[in-house]
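> Test case, fold it:
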Amino acid sequence: MAYVITCGDEGIQINEGTRLGILGAGFKIDGFPQVVKVLKKLLNKNIRVVANGENEWVKNHLELDNWEQADASMQQQVEALADKNKLAYAGLIPFADPKQLKHQIKGHMVRPRGIHIANKICFTLAGGEQTYHLGHYVISAEWVSEVDKKFAKEFLTTQVEFYKKQAKMDLDFVFETDGDLGKDVAEKNQKIIESFGFKAS
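All right, here's what the predicted structure looks like:
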């Protein structure tokens, strides 16, 4: 399965591909190129990236009026981001039946339009989302043990704080420990993340 960077939105379901969740698919996240570089090294594969419908992070940053503008703008911005970071842009994940995108990626949005249902954040530690986490925002953390801890904490905290604000409540944390990188890598990453205060409930 190809790896694909998506937003961490709980509505995104990847049917073909292994999901790496980063808020806004990396748009306007300081340090995104550094994280991509580490993920490429660790996973040893070409990585794809997708946009998705109803992305509030992008809508807010670009000060857009509606979701149609947000969807169009996110596609443009994520495609440009893909070019800049040598990622394969696979397309837009829609609110519809699963859609076959480019570069062996297939997916769709499964939460209701205009409603966020997540009550947890799932950190993936060893190679992306292995099973679909309904009701979880997803944050890729395979890379944290390979970078400066201050940088890792800031990169993760930006995402956690946004999702808490979007959900309008505190969110519990869970960890996805399966994946190609193995249990030792997962354990190392989990210890670092817990040292930031993000501990499993």
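> make it CA atoms for all contacts and neighbour counts henceforth
Fine.
> helix/strand/coil for residue 115?
Of the three states, residue 115 takes coil according to DSSP: H, G, I helix; E, B strand; the rest coil.
> How many residues are close by it?
11 (other Cα atoms under 10 Å).
> From residue 107, how far off is it?
19 Å (Cα to Cα, to the nearest Å).
> Over to residue 6?
Taken as Cα to Cα, the span from residue 6 to residue 107 is 11 Å.
> Could I get the contacting residues of residue 64?
By Cα atoms under 8 Å, 6 or more residues apart in numbering, the contact list for residue 64 reads residue 70.
> in stretch 40-57, what counts as buried?
Neighbour counts using 16 or more other Cα atoms under 10 Å place 42-43, 47-57 of stretch 40-57 among the buried residues.
> same thing with stretch 193-201?
Quick answer for stretch 193-201 (16+ other Cα under 10 Å): 193, 196, 198.
> average pLDDT across that stretch?
The average pLDDT within stretch 193-201 is 94.
> quick one: it to chain centroid distance?
18 Å (Cα atoms, centre = their mean, to the nearest Å).
> same deal with stretch 69-84?
That offset, for stretch 69-84, works out to 15 Å (Cα atoms, centre = their mean).
> hmm, back to that, go through the buried residues of stretch 193-201 and flag which are in helices.
residue 193 (DSSP state H).
> Tabulate the buried residues of stretch 193-201 in a markdown table, adding columns for distance to residue 160.
Shown next, in a markdown table, are these (distance: Cα to Cα, whole Å):
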| residue | distance to residue 160 |
| --- | --- |
| 193 | 12 |
| 196 | 11 |
| 198 | 9 |
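> Identify, from the buried residues of stretch 193-201, the entry nearest to residue 88.
residue 193 (28.6 Å; Cα to Cα).
> And the closest one, how far from residue 186?
Residue 193 is 11 Å from residue 186, where distance means Cα to Cα.
> cool, and residue 106?
Distance, residue 106 to residue 186, using Cα to Cα: 26 Å.
> The two - which one has more neighbours?
Applying other Cα under 10 Å to residue 106 and residue 186 shows that residue 186 carries more neighbours, namely 23 against 19.
> Show me the strands in the protein, by range?
Secondary structure of the chain (DSSP state E): strands at 3-6, 12-16, 18-21, 47-52, 88-93, 99-100, 106-109, 120-124, 136-140, 172-176.
> Tell me which of these approaches residue 79 most closely.
That would be, of these and by Cα to Cα, strand 88-93, which comes in at 5.6 Å.
> on contacts alone, who are the packing partners of the closest one?
On a contact count with 3 or more Cα pairs under 8 Å, 6 or more residues apart in numbering; DSSP states H and E, strand 88-93 meets strand 47-52, helix 67-84, strand 106-109.
> Tell me how far stretch 130-146 lies from the chain's centre.
Worked out by Cα atoms, centre = their mean, stretch 130-146 lies 7 Å from the chain centre.
> nearest residue to residue 135 other than its sequence neighbours?
residue 118 (4.0 Å; Cα to Cα, 6 or more residues apart in numbering).
> let me redo that: residue 77
residue 27 (7.1 Å).
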